[in-house]
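Participant: return a 3D structure for these sequence lines:
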Amino acid sequence: MDRGRSLEDDRSVHLQINELRKLSEACGSNNIFELHSSPENRESNAESVSSAPVVRAPEKKLTLFALRLSIFEKSATGLGTLGFIWATVVLLGGFAITLDKTDFWFITIILLIEGTRIFSRSHELEWQHQATWSITDAGINSFRALRSSSHILIRALKTLFYPLSLIRKKSQNTREITQVDHSQLGRWNHARAPTRIWISSDVPLLPYGQWVFLSRNISKVLYWLQLLSATACVVLSSMKLIKHNYGEVQKGDTDKRNRQSALNIFYALALAEALLFLMEKAYWEWKVIYCKLLEEVNKECEFGPSGMVSIKRFFYDAYSRCVNGSIFDGLKMDIVTFAMDMLASNSPDEQLIGARILRQFSISERYSDDTLQKIGINLSVVERLVEMLNWKDPQEEEIRKSAAEILSKLVGKKQNCLRVAGIPGAMESISSLLQTNRSSGDGADEIGEKNPILDHANYSFWTFNHLGLLILKKLACDHDNCGKIGNTRGLLPKIIDFTHAGEKLLRDENVAPSQILTVKRSLQVVKMLASTTGATGKHLRKEISEVVFTISNIRDILRHGEKHPMLQKLSIEILTNLALEEEATERIGGTGGVLKELFNIFLNQGIPEHQNHVRRAAGEALAMLALESRSNCHRILKLQALERLVEALEVPLLRVNAARILRNLCTYSGAECFYQLKGVIAAAPTVLKAIMSEENKLQEVMVGLAAQVFKHMSCEESSMMFEKAGIKEEELAKALVEILKKYSHPSAKVPRIRRFTIELAIWMMNDSVKNVYILKEMGMEKELEGVLETTTELESFNIFSGTVGLSRHSTTIHSLVETAFKLLIPTSI
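Facilitator: Numbers count the residues shown, from 1 in each chain. This next block holds a predicted model:
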């Protein structure tokens with residue numbers, strides 16, 4: 001916010017409120033049975049942007065006020081300097097001998113008090129700069145003070161209001177913490193720890209009368225000295241200008257001819273200078289005390305009670321610049337840049353001020369866009385925020401918390417997300433926010449117990465856990481960041497530890513929302529990591545499944561989490577993604593009760609309608625776990641759920657996933673389970689009707705299931721099923737040819753439909769020679785030729801991870817087409 005222009009330039013900050021896509025869905029939910037866009041498109045900055053109303057920058061009122069004060073101040077100082085020169089050169093230099101005794105002493109007294117005032121004014125900034133530490137002595141502890149003693153804060157703010165007691169230059173002090181006043185130990189919950197360095201505001205300049213000679217009090221003495229000197233100057237100058245008793249001038253006395261005029265000029269300059277100074281003080285008192293300018297700006301900035309410290313420091317900095325340099329220097333300041341400078345300071349007090357300002361502006365709808373943009377392009381500030389995440393001293397709790405909140409907002413945008421993750425040690429710093437309290441085991445044959453995390457009286461561990469998980473959740477929207485999270489030592493086990501939720505927690509109606517939120521965020525992070533594509537995703541899924549608590553924690557949520565459907569859905573989606581890896585699939589199936597709990601959710605008709613998304617997710621997970629896993633297929637058959645799966649084909653909500661599960665059972669169970677799968681024959685009429693009447697995904701899975709179901713039937717049984725369904729074989733043959741015509745090219749939405757169609761056609765031709773003639777007459781041969789010309793890799797896989805195919809079919813589509821041709825060609829010989 002450049003303020004180096006006209007005072008009447010009413011430029012405004014144009015802000016936009018970014019409505020980030022909800023991350024509670026973990027950057028979108030993709031179906032792994034369909035080809036979909038790469039997760040790189042799951043960017044957190046894929047957001048809808050709406051224009052916000054134009055808002056003024058509140059700090060412009062303060063910089064303008066500082067400018068006006070500096071005009072008074074510099075004008076008064078200029079007149080005072082001119083009067084000083086006039087008195088010393090003209091009066092005392094030219095008329096010293098001829099001056100009346102009273103004029104001589106009046107001039108001497110005025111010069112002394114004005115000299116003292118100018119001297120005190122020039123040095124007041126230095127003393128008041130030191131006095132600023134007394135303000136932040138109160139401010140540094142206000143984070144805890146607000147919890148316990150609001151009246152103390154009011155008293156502190158009254159002290160802070162004291163005019164001209166806080167003017168400061170840019171701090172060059174090192175990080176300093178010293179012994180605080182013992183009176184504050186009882187008022188604040190936690191006092192600052194002592195160090196080896198003095199705080200300048202607490203230095204006793206003399207060994208006696210220490211309270212008077214504290215540096216923080218000297219600025220007050222100088223302030224009152226200036227007021228008294230200015231008042232005295234007004235009184236003395238006015239007396240002389242009114243009485244004009246400068247002594248008699250003898251006729252012909254040329255030495256005293258201009259004495260009266262010279263004295264009038266001096267007294268007028270002294271009076272004008274003193275009046276300007278008093279007008280400045282009056283204007284100050286009017287704006288600050290009566291108009292409450294600082295409170296007004298603080299309210300517009302939404303800083304709250306503790307924000308008065310920040311507002312005062314910003315204002316006194318702007319005023320100091322206007323006084324010490326050009327009067328326009330203060331106009332170039334804006335509060336965000338000021339806060340970033342404070343954040344980079346070595347003083348904990350200034351760091352706290354900077355952190356408070358940036359935190360509040362980052363979470364404010366009106367100011368967040370502009371603030372986050374400025375922070376994001378300043379790499380040194382971002383690095384500083386990341387560094388602050390490692391500060392575990394209880395004295396720095398609010399600074400650390402503010403830094404974490406700022407980063408949680410900052411990483412919501414893709415470009416900032418990449419900058420943060422690219423900082424060396426950033427992931428380790430974020431990991432330091434997570435406190436799991438798992439003890440180390442006594443030996444290699446055991447794992448340490450996880451102790452409950454309790455907030456300390458002076459430290460909120462759960463707050464940092466929430467913020468750490470939130471930052472990781474937003475970072476995980478980027479593919480490369482997922483790899484960095486997985487490669488950070490000890491971070492993945494920490495995240496998985498937070499997914500633990502026992503029966504007591506999940507079924508407690510009075511459970512704290514923060515505990516459920518922690519579990520939810522950790523599950524979201526794990527889900528996003530597990531859904532990562534490519535070699536990175538493969539490595540992450542392996543790492544996640546190898547943590548011994550991952551699957552058992554998820555099982556507990558499935559078993560006891562009926563009151564928390566969102567947690568169940570996230571848990572199920574994690575299992576679905578982990579099942580992309582063969583080893584993880586076996587671990588999931590081998591963990592007692594997981595498959596059973598998934599079936600209980602999938603086939604549970606008592607689940608409310610608004611929780612249907614959980615049932616669908618459970619079905620998809622079961623289909624994945626049965627895919628190419630003979631052991632899991634056997635486990636599912638032992639659950640005696642085949643009949644219920646066949647019935648589920650009639651339920652619109654379940655039919656797609658039920659068909660997938662049944663097809664995988666038929667395909668991968670092996671010959672030894674042939675008789676156990678005889679019950680699947682009952683699904684044939686339902687499957688045939690769906691093939692004839694449905695479209696898209698449901699038609700695809702039903703055609704695929706039909707190709708496997710009919711393999712378990714004899715010719716007589718298949719004929720009976722056609723009769724039961726009320727469908728003739730000619731009608732089915734026509735439907736298959738129409739499918740191949742409709743999908744003349746592979747479809748990303750139904751990539752396997754042509755393969756399944758050809759498989760079902762092959763079964764029909766093997767089942768009856770009559771079907772060979774029917775298919776040939778309907779143009780099957782021509783459609784198969786078209787398939788050969790248009791087939792792609794898309795049709796070679798069962799599932800997909802992004803645009804990468806997984807689980808390649810054992811039989812290529814070319815081989816299937818050739819088999820079909822061999823069955824069709826003999827009819828033309």
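Participant: mind listing the helices for the stretch 201-350 of the chain?
Facilitator: Secondary structure of the stretch 201-350 of the chain (DSSP state H, counting those that start in this stretch): helices located at 215-243, 259-285, 293-301, 307-324, 335-343, 348-363.
Participant: so which of these is nearest residue 598?
Facilitator: Among the helices of the stretch 201-350 of the chain, the nearest to residue 598 by Cβ to Cβ is helix 348-363 (39.5 Å). The C-beta positions use only the backbone N, C-alpha and C, and glycine is treated the same way.
Participant: output the very next helix or strand once past the closest one as PDB, nothing but the C-alphas.
Facilitator: Using DSSP states H and E, the helix or strand that directly follows helix 348-363 along the chain is helix 368-376. Once non-C-alpha atoms are left out, helix 368-376 reads as follows in PDB (Å, rounded to 0.1, in the frame of the first residue of the first chain):
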ATOM      1  CA  SER A 368      -6.600 -12.200   3.800                       C
ATOM      2  CA  ASP A 369      -6.100 -12.200   0.000                       C
ATOM      3  CA  ASP A 370      -3.900  -9.200   0.000                       C
ATOM      4  CA  THR A 371      -2.000 -10.300   3.100                       C
ATOM      5  CA  LEU A 372      -1.400 -13.800   1.900                       C
ATOM      6  CA  GLN A 373      -0.200 -12.500  -1.400                       C
ATOM      7  CA  LYS A 374       2.400 -10.300   0.300                       C
ATOM      8  CA  ILE A 375       3.600 -13.000   2.600                       C
ATOM      9  CA  GLY A 376       3.700 -15.600  -0.200                       C
END
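Participant: so where is the chain shaky, pLDDT-wise?
Facilitator: Within the chain, the ranges that satisfy pLDDT under 70 run 1-56, 90-100, 116-220, 245-258, 437-459, 826-829.
Participant: give me that answer again for 50
Facilitator: Filtered on pLDDT under 50, the chain yields the residue ranges 1-29, 37-55, 123-192, 209, 211-213, 827-829.
Participant: residue 489 falls within a helix, correct?
Facilitator: No: judged by DSSP: H, G, I helix; E, B strand; the rest coil, residue 489 forms no part of a helix; its state is coil.
Participant: quick one: residues contacting it.
Facilitator: residue 428 (Cβ atoms under 8 Å, 6 or more residues apart in numbering).
Participant: phi, psi for it please.
Facilitator: phi -60, psi 130 (degrees, to the nearest 10).
Participant: again, but for residue 791
Facilitator: Here residue 791 shows phi and psi, under degrees, to the nearest 10, equal to phi -60, psi 150.
Participant: what's the closest residue to it other than its chain neighbours in contact with, if anything?
Facilitator: Residue nearest to residue 791 in three dimensions, not counting chain neighbours: residue 813, with 5.1 Å by Cβ to Cβ, 6 or more residues apart in numbering. When contacts are counted by Cβ under 8 Å, 6+ apart, residue 813 is found next to 754, 755, 758, 787, 791, 795, 796.
Participant: tell me where the protein has strands.
Facilitator: Taking DSSP state E, the strands of the chain run over residues 16-19, 48-51, 797-801, 804-808.
Participant: okay, the third one in CSV with CA atoms only?
Facilitator: Okay, so that is strand 797-801. What follows is strand 797-801 as a C-alpha-only set of coordinates in CSV (Å, rounded to 0.1, in the frame of the first residue of the first chain):
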residue,chain,number,x,y,z
PHE,A,797,-6.5,-52.6,-17.3
ASN,A,798,-8.9,-53.4,-14.6
ILE,A,799,-8.3,-50.2,-12.6
PHE,A,800,-6.6,-46.9,-12.9
SER,A,801,-4.5,-44.6,-10.7
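Participant: just want the angle from that strand to strand 804-808.
Facilitator: Inter-element angle recorded for strand 797-801 and strand 804-808: 140 degrees (by axes from the mean of the first three to the mean of the last three Cα atoms, to 10 degrees).
Participant: what strands line up against strand 797-801, and which way round?
Facilitator: Strand pairing for strand 797-801, using DSSP bridges, gives strand 804-808 (antiparallel).
Participant: then the strand it pairs with to PDB, C-alphas only?
Facilitator: Extracted in PDB, the C-alpha atoms of strand 804-808 (Å, rounded to 0.1, in the frame of the first residue of the first chain):
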ATOM      1  CA  VAL A 804      -1.900 -44.900 -15.100                       C
ATOM      2  CA  GLY A 805      -3.400 -48.300 -15.600                       C
ATOM      3  CA  LEU A 806      -3.100 -50.900 -12.900                       C
ATOM      4  CA  SER A 807      -3.900 -54.600 -12.800                       C
ATOM      5  CA  ARG A 808      -3.500 -55.500 -16.500                       C
END
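Participant: which of the residues in it are buried?
Facilitator: Neighbour-count burial for strand 804-808 flags 805, 806, 807 (criterion: 16 or more other Cβ atoms under 10 Å).
Participant: quick one: distance of it to the chain centre.
Facilitator: 34 Å (Cα atoms, centre = their mean, to the nearest Å).
Participant: ok, residues contacting that strand?
Facilitator: By Cβ under 8 Å, 6+ apart, the list of residues contacting strand 804-808 reads 533, 534, 580, 627, 628, 793, 794, 796, 797, 798, 799, 800.
Participant: of those, buried ones?
Facilitator: 533, 534, 580, 627, 628, 794, 796, 797, 798, 799, 800.
Participant: how much space between the last one and residue 537?
Facilitator: Applying Cβ to Cβ, to the nearest Å, one obtains 12 Å for the distance of residue 800 from residue 537.
Participant: do the fifth one as well
Facilitator: Separation of residue 628 from residue 537 (Cβ to Cβ) stands at 18 Å.
Participant: quick revisit: turn the contacts of residue 813 into JSON lines, columns for distance to residue 557.
Facilitator: As requested, those are arranged in JSON lines below (distance: Cβ to Cβ, whole Å):
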{"residue": "754", "distance to residue 557": "39"}
{"residue": "755", "distance to residue 557": "36"}
{"residue": "758", "distance to residue 557": "41"}
{"residue": "787", "distance to residue 557": "44"}
{"residue": "791", "distance to residue 557": "42"}
{"residue": "795", "distance to residue 557": "37"}
{"residue": "796", "distance to residue 557": "36"}
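Participant: quick one: buried residues of stretch 692-706?
Facilitator: In stretch 692-706, the ones that count as buried by 16+ other Cβ under 10 Å are 692, 694, 697, 698, 699, 700, 701, 702, 703, 704, 705, 706.
Participant: so what's the residue nearest to residue 502 when sequence neighbours are not counted up against?
Facilitator: Distance criterion Cβ to Cβ, 6+ apart; nearest residue to residue 502, sequence neighbours excluded, is residue 556 at 6.4 Å. The contact partners of residue 556, taken as Cβ under 8 Å, 6+ apart, are 500, 501, 502, 503, 506.
Participant: tell me the most packed of those, by neighbour count.
Facilitator: Greatest neighbour count in those, by other Cβ atoms under 10 Å, goes to residue 501: 25 neighbours.
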